[in-house]
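Predicted model and sequence below, questions to follow.
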Amino acid sequence: MLQSLPVINQPLDHPLLDEKGIELAIKRLDLVHPELSGNKFFKLKYNLEKAVLDGFEKVLTFGGAFSNHIYATAAGAKALNLSAIGIIRGERIDPLNATLSHAESLGMDLHFVDRATFRLKKEPSFLKSLSEKFGAFYLIPEGGTNELAIKGTAEILQPNDKKYSHIATSIGTGGTFAGIYTSLESSQKLLGFSALRGDFIRKEIDDLLKGFDLSGLGSFEIFSQFHFGGYAKYDQQLVEFIWWFYESFGIILDPIYTGKMLFGIWHLICQNYFPKGSKILVIHSGGLQGNVGFTERTGIKLPSLLR
Ligand SMILES: *Cc1c(COP(=O)(O)O)cnc(C)c1O
């Protein structure tokens, strides 16, 4: 079983919060595990446990070249003595970027496929050809969202989180959002901030909740206007916000998920979205390994765990 470190809710102190009469705390899932951090810890824990219980020696998953999921799967598999195969979209470029070189150093076997092949990631015939090539493996889908992932993310909120009126999380595939939704109190509202452009995310979430027959007591709202042009797109305003947040609170955000979400939350606070007396808990879903790769890719410096 994967061991987690204690997770704290860190309250933020800022004149704007006083002025609006609201409280804001950050749930530091980025500190839950040294290598397998953030929401990925919760998404992977029951999947990796099942792989071990079912006698698999290998897990296989899919991801892009900067994927937090690839990095986390490599770390989680290593922690449980499983071998790991990562099917990576695109060509191998040496030297590998920080994400992939770290995954490889953790023992993940990286296989690069072109985009058209990568799109076959759910096709039974393609998966069969992979098992002919690699032998039996436990399959974890790209992004890691499945029923066991949602079982894990349903454990993110703890009994003493019942006091919060609003819970906020970033959305990629929606697995984290779905798990948190199932664990809300009736008085709580879940706010989801999509990292992707487009309103299709509402239907994806709907399909996810229906597909896994999930229900919740609380309510939710999805914000799809804080994507900064789309997945992994950014601008100067976002970069400045991430630096401002770090200098104000000492908390590092990533530019793909948590930076955009907190930008959105701060915007909503300014717009008086939150009634006076609101207590907001923001899930820091990790992803900080990607900041090094972001700087490699763009030349733009961000706060990062490495110096
Ligand atoms: C993967 C990831 C997400 C998205 O999680 P989903 O369950 O796919 O919605 C959000 N934040 C970070 C930092 C991530 O790595």
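Arrived safely, thanks for sending.

how about the nearest residue to the residue of the stretch 1-150 of the chain found nearest the ligand, chain neighbours excluded?
Using CB to the nearest ligand atom, the single residue of the stretch 1-150 of the chain nearest to the ligand is residue 68, 3.4 Å away. (Each C-beta comes from the backbone N, C-alpha and C, glycine too.) With CB to CB, 6 or more residues apart in numbering as the criterion, residue 68 has its nearest non-adjacent residue at 4.8 Å, and that residue is residue 287.

just residue 270 next, same as before
When the adjacent residues along the chain are set aside, residue 270 lies closest to residue 16, with 7.3 Å between them (CB to CB, 6+ apart).

now residue 9
residue 25 (4.3 Å).

What helix or strand is the one you found located in?
When secondary structure is defined by DSSP states H and E, residue 25 falls within strand 23-28.

Can you tell me which helices and strands that strand packs against?
Here strand 23-28 touches strand 9-11, strand 279-284, going by 3 or more CB pairs under 8 Å, 6 or more residues apart in numbering; DSSP states H and E.

ok, and what's touching the helix or strand bottoming out on mean pLDDT in the chain?
Considering only helices and strands, the least confidently modelled element of the chain by mean pLDDT, DSSP states H and E is helix 290-298, at a mean of 93. With contact meaning CB atoms under 8 Å, 6 or more residues apart in numbering, helix 290-298 is reached by 66, 68, 97-99, 234, 252, 254-256, 300-306.

among those residues, which are in helices?
Among those, the subset assigned to helices under DSSP state H consists of 68, 98-99.

the strands in this structure, which residues?
Taking DSSP state E to define them, one finds strands in the chain at 9-11, 23-28, 58-63, 83-89, 109-113, 138-139, 166-171, 189-194, 219-223, 279-284.

Any chance of a markdown table for those, columns mean neighbour count and distance to the ligand?
Conversion of the strands of the chain to a markdown table gives the following (neighbours: other CB atoms under 10 Å; distance: least, CB to the nearest ligand atom, whole Å):
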| stretch | mean neighbour count | distance to the ligand |
| --- | --- | --- |
| strand 9-11 | 15 | 16 |
| strand 23-28 | 21 | 12 |
| strand 58-63 | 24 | 10 |
| strand 83-89 | 22 | 15 |
| strand 109-113 | 17 | 19 |
| strand 138-139 | 18 | 17 |
| strand 166-171 | 25 | 4 |
| strand 189-194 | 24 | 8 |
| strand 219-223 | 16 | 11 |
| strand 279-284 | 24 | 8 |
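
returning to what we had before: in contact with the residue nearest to residue 9, which residues?
Neighbour list for residue 25: 9-12, 164, 279-282 [criterion: CB under 8 Å, 6+ apart].

try it again with 6 Å
Counting by CB atoms under 6 Å, 6 or more residues apart in numbering, residue 25 makes contact with 9, 11, 281.

any chance of these in a markdown table, plus distance to residue 85 and pLDDT?
Shown next, in a markdown table, are the contacts of residue 25 (distance: CB to CB, whole Å; pLDDT from 0 to 100):
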| residue | distance to residue 85 | pLDDT |
| --- | --- | --- |
| 9 | 36 | 98 |
| 11 | 42 | 98 |
| 281 | 36 | 98 |
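
Identify, from these, the entry nearest to residue 126.
Lowest distance from residue 126 to the contacts of residue 25 (CB to CB) belongs to residue 281, with 40.4 Å.

how about the nearest residue to the residue in the stretch 101-250 of the chain that the ligand sits nearest to, chain neighbours excluded?
For the stretch 101-250 of the chain, the residue closest to the ligand is residue 172, as judged by CB to the nearest ligand atom, at 3.0 Å. Distances taken as CB to CB, 6+ apart put residue 195 closest to residue 172, at 5.5 Å, once the chain neighbours are dropped.

do residue 246 as well
residue 303 (4.2 Å).
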